[in-house]
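Peer 1: with the sequence up front, the predicted model follows.
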Amino acid sequence: MVALRAFIVAVSMSCALPVMAADAAGTRSCLGKAEQRAAVAAQRAVPLAEVIKDLRAKGHRGEVVRARLCRRGEGFDYVLTLLARNGKVVSLTVDAANGELISGR
């Protein structure tokens, strides 16, 4: 029974280590609604409506079907998923501090 318990603990830890290492490496963790509001209120992120308005002004058309504000290092990124008029799904990453497009596909 002790060997089984030790085995379960070892397997659990080996599964958790990659997750902990990914968090330490700076992968994204997205904020909840209250955290998003706090980040915008503290002026650490521009409002989402402003980001969407700027993207449309730069020619990115389509319906925003998902928007997340995620931590990236010391700052934040907006990760947006758009459904283009031609039916293609477009993923955009925008720097939340200044609203500039980082990447898009």
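Peer 2: Received, thanks. Just so it is clear, the structure is predicted and the values come from calculations on it, not from any experiment.
Peer 1: got the phi and psi for Gln36?
Peer 2: The phi and psi values for Gln36, taken as degrees, to the nearest 10, are phi -60, psi -50.
Peer 1: that one: neighbour count?
Peer 2: 21 (other CB atoms under 10 Å). For every residue, glycine as well, the C-beta is placed using N, CA and C.
Peer 1: over to Ser91?
Peer 2: So Ser91, with other CB under 10 Å, has 12 neighbours.
Peer 1: after the one helix or strand it maps to, next one along is what?
Peer 2: Using DSSP states H and E, Ser91 sits within strand 89-95. The C-terminal neighbour of strand 89-95 among helices and strands, as given by DSSP H and E, is strand 101-104.
Peer 1: got the CA coordinates for the strand holding Ser91 in PDB?
Peer 2: Extracted C-alpha coordinates of strand 89-95, given in PDB (Å, rounded to 0.1, in the frame of the first residue of the first chain):
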ATOM      1  CA  VAL A  89     -10.800  32.400 -37.800                       C
ATOM      2  CA  VAL A  90      -8.100  35.000 -37.100                       C
ATOM      3  CA  SER A  91      -6.100  35.200 -33.900                       C
ATOM      4  CA  LEU A  92      -4.500  38.500 -32.900                       C
ATOM      5  CA  THR A  93      -2.200  39.400 -30.000                       C
ATOM      6  CA  VAL A  94      -2.200  43.100 -28.900                       C
ATOM      7  CA  ASP A  95       0.000  44.800 -26.400                       C
END
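Peer 1: let's see the pLDDT reported for Glu74.
Peer 2: With respect to pLDDT, Glu74 scores 88.
Peer 1: got phi/psi on it?
Peer 2: Dihedral angles (degrees, to the nearest 10) for Glu74: phi -90, psi -10.
Peer 1: now Pro47, nearest residue through space, not along the chain?
Peer 2: Val40 (5.5 Å; CB to CB, 6 or more residues apart in numbering).
Peer 1: list the buried residues in the helix or strand harbouring that neighbour.
Peer 2: Taking DSSP H and E as the definition, Val40 sits inside helix 33-41. If you call a residue buried by 16 or more other CB atoms under 10 Å, then helix 33-41 has these buried ones: 36, 39-40.
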